[in-house]
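**Q** Next comes the sequence, and after it the predicted model I'd like to discuss.
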Amino acid sequence: MKSNRISVDGVKFLPAIIDGNVDVLQNPNFIIVKRSWQPDQEAQSCPLCKVKFGGLKRRHHCRQCGHVVCNKCCNVKIPLPQLAIEEPEKICESCQPVTAAVTRSRSHLASMQLQSAVELSGMCKSSVNLTKVFEYGGFHTLLAQSKVHLDTPNMNIMTHIISALHTLSTCEPVQDFMVDTGIIRAICQVLDKVPGDKEQILLDGISSLVIYCKSKRFLPKVLEAGYLQVVLRLCCNTSDTVAVLSVSTLSLLVEDPSTHTAIIDGDKAALQRILKLAAAENPQMQAVALKCLNYLSMGSDWNKHRIIQEDFTAGKPMKTALQTETFNMQVWANAACLVANLATSAEDQAPLSDCLDCLVRLLKSDMTNVDLLSHVTRGLANFAKFPQNSSTVGTVLPTLVSKCLNHTDETISKHALRAILHLLVNQSDNTITELLIEGASEVFKNIARNLDMTDAMFKVLQDLCPDMARPL
């Protein structure tokens, strides 16, 4: 595997290169390619203590980094199985912490393996040792041991390993190298197999993958590693903290339309699982689950149809979300946004009638939240397009005029006008009668103010009856 130099905080380094099988998840006893030795003549003084070499100060090569150092700074001997050296060899003080930890990870004693994980996790948080973790096989060791201790299993060791991988994931300059080496696949395997009650491991693992999910560059790798199915399962974890973080991660995944088919048609329980979360007691969970469904609803008509089908099967959680009293306006706003999107589906108007009633009740209430009002008005405009909904939407015609038509938010006023125009088409007499009592002037004023609308109307009229004509 070819490795290029990486720069972290101005320090350039060359990560360890694995000899042979570079997949350390399958090759935990990997061998690192030995580094070239620095020529003696290039070293005039010890790089660690700065003492000049001479007759009394002999040169010694560190078996790990290959640099020339003095005897005082290179007097520790340890086995180096990661370099295929079983007998103790001299290493310098600079390499000793990471190298010793990597060596200990190869021990058969659980206590030594735990010490290795603790040490490497600590060094990942140290600016002094961070680059050495990559140079001398510490990162590869963390990946390899994540697989080893899943198979064993040893959750105490795993806690430190995943904590270390989470810390490293926050370091942007090394992300490409880590992804190429297999960090996403390793974390996915851990999250897939670790017991559901290991909250800290799950939180660190999910938090790590959130970082990669936010990158368009890495998201395909996350999906390729099978994280979608893993996170869907974790959304139902008994820990609210784990479940909410999982659903938040899911919302990042569904921003990519390529994930929609897997959720809509792949795992038959996935969509129903998300819908049930939309009616959870935790309002934060509700809001994020509804956000996920919103992304799905912006896809094909089939997506909308499946959401509406599964909503019925799951006990109508959309209706529940709209009816439940909450101080979290985002829950209602996301639910209203979802219903408004689904209301564009011509074949599914009947199953949505309960949700239409909910939007009507919300509009009649004293709610003033702009986001919520915007989605409610948009939803009513979408429903009003279909004749079978005219009588229901018509019951709030006076409210659409008084509350929405002259709202300071242009989006709200335009959706209100759209709803009224649909009513004029589908229920002409009743709508005209109602508007003549109060609201007709406001409708005409809004039409006049919307230059784009009047231009479009004039264009249609121009096409139907041109202002120029030949004599008869």
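**A** Nice, I can see it.

**Q** ok, Met155 to Asp192 distance?
**A** Met155 sits 15 Å away from Asp192, going by C-beta to C-beta, to the nearest Å. C-betas here are computed from N, CA, C, even on glycine.

**Q** mind checking the end-to-end distance for stretch 78-91?
**A** 8 Å (C-alpha to C-alpha, to the nearest Å).

**Q** How far does it sit from its chain's centre?
**A** Distance, stretch centre to chain centre, for stretch 78-91: 42 Å (C-alpha atoms, centre = their mean, to the nearest Å).

**Q** what does the average pLDDT come to for that stretch?
**A** Mean pLDDT, stretch 78-91: 95.

**Q** Check stretch 417-427 too.
**A** Across stretch 417-427, the average pLDDT comes to 94.

**Q** Ok, stretch 94-105 next?
**A** 96.

**Q** neighbours of Gln96, just the number please.
**A** If you count neighbours by other C-beta atoms under 10 Å, Gln96 ends up with 18.

**Q** Apart from its neighbours in sequence, what residue is nearest it?
**A** Val76 (5.4 Å; C-beta to C-beta, 6 or more residues apart in numbering).

**Q** got the contact list for Val370?
**A** Counting by C-beta atoms under 8 Å, 6 or more residues apart in numbering, Val370 makes contact with 409, 412.

**Q** Is Ile211 in contact with Ser169, as I believe?
**A** Yes. Here Ile211 reaches Ser169: they are 4.9 Å apart, a contact under C-beta atoms under 8 Å.

**Q** Which one of those two is surrounded by more residues?
**A** Ser169 (24 against 15).

**Q** Tell me the confidence at that one?
**A** Looking at Ser169, the pLDDT reads 97.

**Q** surely it meets Tyr212?
**A** Yes. In this structure, Ser169 is within contact of Tyr212 by C-beta under 8 Å, at 7.2 Å.

**Q** Return every residue with contacts to both of the two.
**A** Contacts common to Ser169 and Tyr212, judged by C-beta under 8 Å, 6+ apart, are Gln175.

**Q** so what's Ala346 up against?
**A** By C-beta under 8 Å, 6+ apart, the neighbours of Ala346 are Phe386.

**Q** which phi and psi does it have?
**A** phi -60, psi -40 (degrees, to the nearest 10).

**Q** sorry, back to before: would you mind listing the residues in contact with the residue nearest to Gln96?
**A** Here Val76 is in contact with 90-91, 93, 96 (C-beta under 8 Å, 6+ apart).

**Q** Now do the SS call for Thr255.
**A** Heads up, residue 255 is Glu, not Thr. Three-state assignment for Glu255 (DSSP: H, G, I helix; E, B strand; the rest coil): coil.

**Q** Just after the helix ranked longest in the chain, pick out the following helix or strand.
**A** With secondary structure taken from DSSP state H, the chain has its longest helix at helix 410-426. The element immediately downstream of helix 410-426 (helix or strand, assigned by DSSP states H and E) is helix 428-437.

**Q** Show the secondary-structure elements that that following helix is packed against.
**A** Applying 3 or more C-beta pairs under 8 Å, 6 or more residues apart in numbering; DSSP states H and E, one finds that helix 428-437 contacts helix 390-394, helix 397-399, helix 410-426.

**Q** try it again with 7 Å
**A** Using 3 or more C-beta pairs under 7 Å, 6 or more residues apart in numbering; DSSP states H and E, the elements in contact with helix 428-437 are helix 397-399.

**Q** Need the residues that contact the helix it packs on.
**A** For helix 397-399, contacts defined as C-beta atoms under 7 Å, 6 or more residues apart in numbering pick out 363-364, 420, 423, 431, 434, 438-439.

**Q** now with 6 Å?
**A** 363, 434 (C-beta atoms under 6 Å, 6 or more residues apart in numbering).

**Q** mind listing what's buried in that helix?
**A** 397, 399 (16 or more other C-beta atoms under 10 Å).

**Q** Kindly report the same for stretch 361-379.
**A** 362-363, 371-379.

**Q** From start to finish, how long is it in a straight line?
**A** End to end - C-alpha to C-alpha - stretch 361-379 spans 13 Å.

**Q** going forward can the numbers begin at 21, since that is how I track them
**A** Got it, first residue is 21 now, which makes that one stretch 381-399.

**Q** what stretches of the protein score poorly on pLDDT?
**A** 21-23, 287-288 (pLDDT under 70).

**Q** could you redo the last one with a cut-off of 80?
**A** For the chain, applying pLDDT under 80 flags the ranges 21-24, 75-76, 172, 286-289, 346-347, 470-471, 473, 492.

**Q** circling back to that earlier point, for the residue nearest to Gln116, name its beta-bridge partners.
**A** Ile111 (DSSP bridges).

**Q** Which stretches in the stretch 121-270 of the chain count as helices?
**A** 130-144, 150-155, 158-171, 175-189, 195-201, 203-213, 219-233, 239-244, 247-254, 260-273 (DSSP state H, counting those that start in this stretch).

**Q** chain center to the fourth one: distance?
**A** Taking C-alpha atoms, centre = their mean, one finds helix 175-189 lying 20 Å from the centre of the chain it belongs to.

**Q** what comes up buried for that helix?
**A** 175, 177-189.

**Q** helices and strands around it, which ones?
**A** helix 130-144, helix 158-171, helix 219-233 (3 or more C-beta pairs under 6 Å, 6 or more residues apart in numbering; DSSP states H and E).

**Q** would you list the ones you listed in a markdown table and tack on distance to Ile283?
**A** A markdown table is the format used below for the helices and strands packed on helix 175-189 (distance: least, C-beta to C-beta, whole Å):
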| stretch | distance to Ile283 |
| --- | --- |
| helix 130-144 | 34 |
| helix 158-171 | 26 |
| helix 219-233 | 15 |
